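1. make a model of this:
(chains A and B)
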2 protein chains.
Amino acid sequence: VHLDASNLPVMARGCALLGAGGGGDPDLSLVMALRALDEHGPVPVLGLEDLDGDALIMPCGLIGSPSVATERLWSGDEGRILRESVERLRGQRVAALMCYEVAGANGLLPLTWAARMGLPVLDADGRGRAFPELQQQAMHLADIPASPLVLTDGRGNAQVLYAADDAWAERLARSAAASMGGVCAGALYCMTAEEARGAVIEGSLSLALTVGEALATGEVDALGEAVGAVTLIAGKVVHVERHADDGFVRGSATVHGTGHDAPRQLRLELQNEFLLAVEDGAVRAAVPDMISVLASDTCDPIATERLRGGERVVVVAAPGPAVWRSDAGLAVAGPGAFGYDVKYAPMSGAADG
Amino acid sequence: VHLDASNLPVMARGCALLGAGGGGDPDLSLVMALRALDEHGPVPVLGLEDLDGDALIMPCGLIGSPSVATERLWSGDEGRILRESVERLRGQRVAALMCYEVAGANGLLPLTWAARMGLPVLDADGRGRAFPELQQQAMHLADIPASPLVLTDGRGNAQVLYAADDAWAERLARSAAASMGGVCAGALYCMTAEEARGAVIEGSLSLALTVGEALATGEVDALGEAVGAVTLIAGKVVHVERHADDGFVRGSATVHGTGHDAPRQLRLELQNEFLLAVEDGAVRAAVPDMISVLASDTCDPIATERLRGGERVVVVAAPGPAVWRSDAGLAVAGPGAFGYDVKYAPMSGAADG
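-> The predicted model follows:
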C-alpha cells in the first residue's frame, strides 16, 4: 500500500471527519503533500508487522494553536529538522514516521515530510481522531513518555523538552509553541516498533481512506455503513460563539433542525474539536465519540473555526476509538477531562473493536 | 585562590553592589553556598590562563523573574543537571563553571553547584554587573552564541533551546522560564577557554571581593577608592513605584536629599536593575554605569524589589565595565537598549580598563 495523488485527496477528506472539527484545516496541507508526492514519489504505508522490533518510529505533527496553524506556511523541511534531532537524541535512525493524530492537517503534514525524506509512514496514529491536549495519546495510556520532545518552527529555532511527566510536557510544549509564534512542528512519544505494539492505534490511515471514500459518495448513509456514524440533526447553524485563548478555541454552536428535524435544536460544545452534542438538556453524543458537522450540499466536514451562522449542515456522530472508551481512556479524554460534568455513555451504534 | 567561609560573605556583599539593584537577592544564595562549602570544601578559583585551550567552560545562573527567584528554594542539584546536559550535547567534560553574571544571587548559586560537583569556578563573568536580558553578555559581543542553551527547574523538567540567534534565545528562554514557574536554572554561552579569551570579563570574582571589602568598612568613600564610585545623593526614599510583568520589574523611585543634600531630589528609573539617575531633568548616571542604593546605616546595597519609601539611603554610581562603554556594548546594553532616549556619557571618575 502507498499514498499517492490517486488516494491522498480521499484520505484528506477522511482526516477532516476524524478531526471532529479540529486537527487543523487540511486544505493547505493537502496541496503541500500532493506537491511533495509529485516531486519525490509515493509514500509507502507500513504496518507494525513490517518493522523490526527495534525500528524507531517518530510520531509527529503540529503543536499549538489550530487557528494559527491554518494561517502559517510551512517549508516542508520541518520533518528533517525533527528527524535529525530525534536521531541524535536516540543514537538511532528513524525507520518510519507516524502521524500522532490522523486528523485534519496533522494527518497530512507528516506525509509531506515522509515524501521529502523518502521514509515510510505507519498505518497507525496515537488518537484515531483529534484531541486538543498533548497527552491525549494512546501511547500515554501505555506508559510511553512524550519526552524527549522535539519542537521546531522551521525558521532556525528548535527546542528539546525533557518533561517530568506528560502533563508537564503538555504545559511546556504549549508555552514553547506560543513563544515560536503560536504553532510549531513537533516529534513526541518516539518509540520502537516493539514498544508500539498494543500502544498505538493501528489502521488509522486505512480508516481515514475508508471514511474519505464514504464521504465521496455524497451520502451520509454511507458513513453509517463505513464507521457506524449516525445523523444527529439536519438543519441550519443559527448561532456560533467562539473565542481563542492560550492556544485553544472554545465556544458553542446551535443548529436548528429543518424539514423532518424541525423544530428540534442541537447545541454543540467545542474546544478545538466538537466535544458534546446536547438536545433538550440531554447529551446525544460526547467525546471521545466523534461529532462532525458536514456541509449539506457537499458532505465536507467543517472545522470548528470555520463554522458560520446560516450554513446548512448535517451533524453526525461516529463511535470513537475503543481505547478511549475504556475507563483509563475516559479519564484522559472523556467529557470529565474537558471539564464537562457529563457521564459518558456510548452512542447508539457504538461497537467495540 | 579559593572561596570559603572566610571570604564568601564579603564577596556576597560585593555581588549585591554589582547587581545595581538586580541579579536576585543574594541572602538565601549565600546561606546555600556557605552550607555547600561547609559540606564539600572550598571552591578553587581559576584564571583563564589556568585552563587548557580546549577546556570547556559552562556559564550558568538563574534565568527568569528576579521576584520569583527570591522566593524560590533550590535543591542545589540544578548545576549537576545542567552540567550533564551540556556534557552530553558537547561530548566533552565541563572543566569549570562560570557565573554568567557576578551579581546578586547569580554570583553565588554557581558556587553552590561548583562545591557540590567538586569543580572550580572561573574568575570571570559575562557582564561585570547585572542586566535583565539574556543576550546582554560580553560573549554575545564576541559572537559566541547563547545556544544550545540548557534550562531546568530542578524538579524533573529540562529544556534544550537551539535558538536562531541570541534575540530568539532571550525570547524562548523567557517563555520557558515562565512555563517552569517563573524562574529556572540555566547554562548558556558554553565555550572553550580559548574562545573565552577576550570574550569574557576577567577578574569579576576578584572585583566582587574588592567591592565587598570596601563595603565592609561601612564608609562610602572606600567604594570610591576601590572602584571609582561617586555619591549621587544621601537622603530618604520618598516614592517607589514598581510593577512586575513578563519577567521584568519596572518602575521608578525618588530620593529626597537630606543634610547637605537638601533640598535636592534624585529620580531613579529601574528595570530589574537601577538604570538611570536623573536630577532636575539631567542624567547624573546611566546604564551601563552601576547605580546602587545603599542603606545609610549599614552600607548594604538594596535590591530594586526591596526598596521602600522612608528608607535612609546613599545612592552611588560606579563606572560600568569597559566592554559595555564601547559603541558595540552601548548598542546592546546602553540607555537606548532599554528604551530611554538618553545619550550615554561616562560618569565623572570613569576610567577605561
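2. if you count neighbours, what's buried in stretch A:296-306?
-> A:299, A:301-305 (16 or more other Cβ atoms under 10 Å in any protein chain shown). Where you see a C-beta, it was placed from the backbone N, CA and C, and this is true even at glycine.
3. dump that stretch to PDB, restricted to CA.
-> Coordinates of each C-alpha in stretch A:296-306 appear next as PDB, following Å, rounded to 0.1, in the frame of the first residue of the first chain:
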ATOM      1  CA  SER A 296     -25.300  19.600   3.500                       C
ATOM      2  CA  ASP A 297     -24.500  20.100  -0.200                       C
ATOM      3  CA  THR A 298     -21.000  18.600  -0.300                       C
ATOM      4  CA  CYS A 299     -20.700  16.300   2.800                       C
ATOM      5  CA  ASP A 300     -17.500  18.200   3.500                       C
ATOM      6  CA  PRO A 301     -16.600  18.300   7.200                       C
ATOM      7  CA  ILE A 302     -16.500  21.800   8.600                       C
ATOM      8  CA  ALA A 303     -13.700  22.800  11.100                       C
ATOM      9  CA  THR A 304     -14.800  24.400  14.400                       C
ATOM     10  CA  GLU A 305     -13.000  27.600  13.300                       C
ATOM     11  CA  ARG A 306     -14.800  27.800  10.000                       C
END
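4. count of residues packed around residue A:320?
-> By other Cβ atoms under 10 Å in any protein chain shown, 29 other residues sit near residue A:320.
5. would you list the phi and psi of it?
-> Per-residue torsions, residue A:320: phi -70, psi 170 (degrees, to the nearest 10).
6. that one reaches residue A:288, doesn't it?
-> Yes - applying Cβ atoms under 8 Å, one finds residue A:320 in contact with residue A:288, separated by 3.4 Å.
7. shared neighbours of those two, anything?
-> Listed contacts common to residue A:320 and residue A:288 are residue A:129; contacts here mean Cβ atoms under 8 Å, 6 or more residues apart in numbering or on different chains.
8. so which bits of the stretch 151-300 of chain A are right by chain B?
-> Contact residues, the stretch 151-300 of chain A versus chain B (Cβ under 8 Å from any Cβ of the partner chain): A:155-165, A:168, A:171-172, A:174-176, A:178-180.
9. rerun at 10 Å
-> The stretch 151-300 of chain A comes close to chain B at residues A:151-153, A:155-165, A:168-169, A:171-180, as judged by Cβ under 10 Å from any Cβ of the partner chain.
10. restricted to strands, list those residues.
-> A:151-152, A:158-162 (DSSP state E).
11. tell me which two in those are the farthest apart.
-> Spatial extent of these (Cβ to Cβ) is set by the pair A:152 and A:162 at 16.2 Å.
12. more neighbours: the two, which one.
-> Each of residue A:152 and residue A:162 has its neighbours counted (other Cβ under 10 Å); residue A:152 has more, 24 against 21.
13. spit out the contact partners of that one.
-> A:77-82, A:84-85, A:158-160, A:180, A:184-187, B:162 (Cβ atoms under 10 Å, 6 or more residues apart in numbering or on different chains).
14. what bridges to it?
-> Beta-bridge partners for residue A:152, by DSSP bridges, are residue A:158, residue A:185.
15. please indicate which of the residues of the stretch 151-300 of chain A next to chain B are buried?
-> A:151-153, A:157-164, A:168-169, A:171-180.
16. returning to what we had before: reformat the buried residues of stretch A:296-306 as CSV; add secondary structure and distance to residue A:268.
-> As requested, the buried residues of stretch A:296-306 are arranged in CSV below (DSSP: H, G, I helix; E, B strand; the rest coil; distance: Cβ to Cβ, whole Å):
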residue, secondary structure, distance to residue A:268
A:299, coil, 18
A:301, strand, 13
A:302, coil, 11
A:303, coil, 13
A:304, coil, 9
A:305, coil, 13
